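Student: test case, fold it:
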Amino acid sequence: MLIARTLPDLRAACAALRAQRGSLALVPTMGALHEGHKTLVRTAVASGAATVTSIFVNPLQFGASEDLSRYPRDEEGDLAKLRECGCDLVWMPDVATMYPPDDTTTITVEGPAGRWEGDARPGHFRGVATVCCKLFGQVRPDRAYFGEKDWQQLQVIKRMVADLLLPLEIIGVETVRESDDLALSSRNRFLTPDERGLAPTLPQGLRAAIATLKDGRDAEPVLAAIRAHLTQTGFEVDYFALVDGPSLAPIPAARPGARLITAAKLGSVRLLDNMGLR
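Tutor: Below you'll find the predicted structure:
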């Protein structure tokens, strides 16, 4: 497995891999890799493309009230996991490489970025879109893989790629879950034992809503009842909503392409999850 920390090294490695394998796949990450990230890498490797994984904790997507320094980091462990998964190249730039001091351009996506996490974390998707566009320009992948756990982020990246006519395919990979249904996240390690025991209540609420909304009934009373239950259980609920999957616009009842999305804080940890209504 190759490791690149400078742009010249990255470009040389990508050119060699493309010559050998014909295509490149990119898995963007912020490190602290878990089984969800490993699933993305394995999926990319299985496609037959030379697989590049980026590790970069992106300061531009952290708000003023969010602790960038608290984000977990484990370079040695991450590299071991990537070797195990068959990754070909790891791109590990520093902040100065990604954001030179004379940079003046960022990317703002409207549409799917306009609600939910966009409201809760102002500027977050500007940071996500900007860093992903830079990564796409640096690696020049044929496709890039993102987890469906961050559903809104996935739709924002798809919209940016479509609107800017970027020559790559964005592929979503199903959320990987613990045995008790909690969506895997790097932040789960910050849950106390008691909070970890309560955390599966969030996906349970999503599944309860799916079971109830399948008959096309009005969504809001169902969602309000689940929000109230989560609050009583100890969650601080930012949102628990039924939306159109691609646009993230709220909808009043289940329909094809609908998605349930939620974000809720448990102790110091903000948990995100979502599920489709099939």
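Student: which residue is the nearest non-sequential neighbour of Ile171?
Tutor: Using Cβ to Cβ, 6 or more residues apart in numbering and skipping residues adjacent in sequence, the residue nearest Ile171 is Tyr145, 5.1 Å away. Using the backbone N, CA and C atoms, a C-beta is placed for each residue, glycine as well.
Student: the one you found is in what secondary structure piece?
Tutor: Using DSSP states H and E, Tyr145 sits within strand 143-147.
Student: verify the stated contact: the residue nearest to Ile171 with Thr29.
Tutor: No: contact criterion Cβ atoms under 8 Å: Tyr145 and Thr29 do not qualify, at 10.0 Å.
Student: in the strand holding Tyr145, which residues are buried?
Tutor: Residues of strand 143-147 classed as buried by neighbour count (16 or more other Cβ atoms under 10 Å): Ala144, Tyr145, Phe146, Gly147.
Student: stretch 196-204 now?
Tutor: Of the residues in stretch 196-204, those buried (16+ other Cβ under 10 Å) are Arg196, Leu198, Ala199, Pro200, Thr201, Leu202, Pro203, Gln204.
Student: which residues in the stretch 151-278 of the chain form helices?
Tutor: Remark: helices assigned in the stretch 151-278 of the chain by DSSP state H, counting those that start in this stretch are 151-163, 193-198, 201-213, 219-233.
Student: got the CA positions of stretch 144-157 in CSV?
Tutor: Taking Å, rounded to 0.1, in the frame of the first residue of the first chain, the C-alpha atoms of stretch 144-157 are listed here in CSV:
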residue,chain,number,x,y,z
ALA,A,144,-16.2,7.9,-5.2
TYR,A,145,-17.9,6.0,-2.3
PHE,A,146,-19.9,7.6,0.6
GLY,A,147,-21.9,6.0,3.3
GLU,A,148,-25.6,6.4,3.4
LYS,A,149,-25.5,7.0,7.2
ASP,A,150,-24.7,10.7,6.3
TRP,A,151,-27.6,10.8,3.9
GLN,A,152,-27.9,14.5,3.6
GLN,A,153,-24.1,14.8,2.9
LEU,A,154,-24.4,12.1,0.2
GLN,A,155,-27.2,14.1,-1.6
VAL,A,156,-25.2,17.3,-1.3
ILE,A,157,-22.2,15.7,-3.0
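Student: which one of the helices of the stretch 151-278 of the chain lies nearest to Val269?
Tutor: When the helices of the stretch 151-278 of the chain are compared by Cβ to Cβ, helix 193-198 sits nearest Val269, at 6.9 Å.
Student: now do the helices in the stretch 1-150 of the chain.
Tutor: So, for the stretch 1-150 of the chain - with DSSP H, counting those that start in this stretch - the helices run 7-21, 35-46, 75-85, 95-98, 117-120, 124-139.
Student: so can I have CSV of these showing mean pLDDT, distance to Arg187 and mean neighbour count?
Tutor: CSV is the format used below for those (pLDDT from 0 to 100; distance: least, Cβ to Cβ, whole Å; neighbours: other Cβ atoms under 10 Å):
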stretch, mean pLDDT, distance to Arg187, mean neighbour count
helix 7-21, 98, 28, 15
helix 35-46, 98, 12, 20
helix 75-85, 97, 16, 15
helix 95-98, 97, 21, 14
helix 117-120, 94, 14, 17
helix 124-139, 98, 15, 21
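Student: could you export these as JSON lines, including distance to Ser54?
Tutor: Shown next, in JSON lines, are the helices of the stretch 1-150 of the chain (distance: least, Cβ to Cβ, whole Å):
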{"stretch": "helix 7-21", "distance to Ser54": "9"}
{"stretch": "helix 35-46", "distance to Ser54": "11"}
{"stretch": "helix 75-85", "distance to Ser54": "11"}
{"stretch": "helix 95-98", "distance to Ser54": "10"}
{"stretch": "helix 117-120", "distance to Ser54": "21"}
{"stretch": "helix 124-139", "distance to Ser54": "6"}
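Student: of all the ones you listed, which lies closest to Val109?
Tutor: Using Cβ to Cβ, the helices of the stretch 1-150 of the chain put helix 124-139 closest to Val109, at 5.1 Å.
Student: ok, Gly31 touching Arg73?
Tutor: Yes: in this structure, Gly31 is within contact of Arg73 by Cβ under 8 Å, at 5.8 Å.
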